[in-house]
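J.: Fold the following, please.
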Amino acid sequence: MDIDKIKLIYLFSVIGSIVLISIAVLHYLNGDINMSSFEMLIAVGGILNILLLKITKNVKVAENFILLGMLILICGIFVHGGYHRTGIYWIYTYPLLTFFLKGNKVGVVWNFVFFSVVFTLVFLDYKNLVPIAFSEDEIRQAILAYVIVMVLAYIFEEALLKSYSEVSRLAVTDQLTGLYNRYYIFNKLNEEIKRAKRFGKNFCVILLDVDNFKNINDEFGHDVGDLVLFEVAEVLRDMTRSVDTVGRLGGEEFIVICPNTDIVGGKITAEKIRSSIQGLHVPDVGKITVSLGVAEFTGSETAHELIKFADLALYRAKRSGKNRVELYPKNGNLVRFGIDLLKIKKPASAGRH
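T.: Below you'll find the predicted structure:
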């Protein structure tokens, strides 16, 4: 969304500045020096806004600059009338900009400010303090049209935001379980790594795999297999903290990212998950078990390395009898049972089961 806003700010500022400079030139040629200077000043402000955004990358400042500049322009339009009294049509861009740039809640506030400005000018005109170039009927019709545009813009933005939110959710969510998908998990892992390095804190990754899942699919069908995965996902939601991130990496493999948790805490959480899933009884299938591997970020691992280390510990849990938790040692030594698991290369097509 920020990229769309930046493009819109650039586009609007460039087009608006060009149009205002053109109109300023026309006013200058017609001898209206004051209005020409006013429009040229607003146009220069639009150009400066482009440069400011390019330098600072501060979208909020650029948004406010545009909306404030438009308000000032509206004041000048109501007093002067614009070129051949057509300036009032500029106001209809305002509700579109406010809702797109600021969203509906803040956009409503900016539109309230707009109405306050207009009514203040009308009041000053009534008191013969500031003359308005338009008649009461013209202002009334313009405001009515503005309200219609504002309501339509509000409805459109609301629908757009809901659609965007749903698309964004689907882009990072596993369709079957409702957990985060692989794409989101790796992004989250990288965020946690940056945060852990910044604050000097470690975190844990728990990888778990449903035991004998291929047999479940083969014997009872994929519908029952999907039910098993869904039930496991429900347990993961219930047995993790709100700060933890739970996802499905693919197939029958799940992951839990536990911030501010060392290897001991990770094992405790993993054991709770294992025990709870062991208590599951899916119709036809019976008892479900999972094997889990836990790895800790100690300051230098990448996201892929953490997944690999947890996966190696998980593989050892499978080889050690399943339905158990294994840890990846901090020194990286996985020489157990006479086998160096770091040197094992599993076939890509082989499952753990």
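
J.: Which residues are in contact with residue 53?
T.: 6, 9, 10, 59, 61, 62 (Cβ atoms under 8 Å, 6 or more residues apart in numbering). (Each C-beta comes from the backbone N, C-alpha and C, glycine too.)

J.: Show me the two of the residues you listed that sit farthest apart.
T.: Of all pairs drawn from the contacts of residue 53, the greatest distance, 14.3 Å, lies between 10 and 61 (Cβ to Cβ).

J.: ok so, going back, which members of the contacts of residue 53 are classed as buried?
T.: Buried members of those, counted by 16 or more other Cβ atoms under 10 Å: 9, 59, 62.

J.: where do the strands sit along the stretch 1-150 of the chain?
T.: Ranges of strands within the stretch 1-150 of the chain: none, based on DSSP state E, counting those that start in this stretch.

J.: So, low pLDDT: which residues of it?
T.: Scanning the stretch 1-150 of the chain with the threshold set as pLDDT under 70 gives 1-4.

J.: thinking again about what came up before, quick check, nearest of the contacts of residue 53 to residue 217?
T.: Nearest to residue 217 among the contacts of residue 53, counting by Cβ to Cβ, is residue 6 at 47.6 Å.

J.: Filter the buried ones among the contacts of residue 53 down to the ones in helices?
T.: Counting by DSSP state H, the members of the buried ones among the contacts of residue 53 that fall within helices are 9, 59, 62.

J.: so which of the buried ones among the contacts of residue 53 would you say is closest to residue 44?
T.: Distances from residue 44 to the buried ones among the contacts of residue 53, taken by Cβ to Cβ, are shortest for residue 62, at 15.3 Å.

J.: And the closest residue to that closest one other than its chain neighbours, how far from residue 69?
T.: With sequence-adjacent residues excluded and distances taken as Cβ to Cβ, 6 or more residues apart in numbering, residue 62 is closest to residue 53, at 4.2 Å. In this view, residue 53 and residue 69 are 13 Å apart by Cβ to Cβ, to the nearest Å.

J.: Next, show the common contact partners of the two.
T.: With Cβ under 8 Å, 6+ apart as the test, residue 53 and residue 69 reach no residue in common.

J.: So this structure: which segments form each domain?
T.: Domain ranges of the chain: 2-171, 182-343, per automatic domain parsing.

J.: Most tightly packed of those domains?
T.: domain 182-343 (a mean of 18; mean count of other Cβ atoms under 10 Å).

J.: Quick one: mean pLDDT over that one.
T.: The average pLDDT within domain 182-343 is 89.

J.: Quick one: distance of it to the chain centre.
T.: 26 Å (Cα atoms, centre = their mean, to the nearest Å).

J.: what does stretch 51-64 give?
T.: The answer for stretch 51-64 is 20 Å, by Cα atoms, centre = their mean.

J.: Phi first, then psi, for residue 173.
T.: phi -120, psi 140 (degrees, to the nearest 10).

J.: same deal with residue 299?
T.: Dihedral pair for residue 299: phi 130, psi -20, per degrees, to the nearest 10.

J.: again with residue 174
T.: Dihedral angles for residue 174 - degrees, to the nearest 10 - are phi -80, psi 130.

J.: so it touches residue 248, yeah?
T.: Yes. Using Cβ atoms under 8 Å, residue 174 is in contact with residue 248, at 4.4 Å.

J.: residues shared between the contacts of the two?
T.: 180, 181.

J.: about what we covered before: can you redo the ones in helices among the buried ones among the contacts of residue 53 as TSV with distance to residue 241?
T.: Formatted as TSV, these follow (distance: Cβ to Cβ, whole Å):
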residue	distance to residue 241
9	40
59	33
62	38
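
J.: and of those residues, the nearest to residue 144?
T.: Using Cβ to Cβ, residue 9 comes nearest to residue 144 of those, at 29.0 Å.

J.: Pretty sure the closest one sits against residue 61.
T.: No. If you go by Cβ under 8 Å, residue 9 and residue 61 don't touch, sitting 10.3 Å apart.
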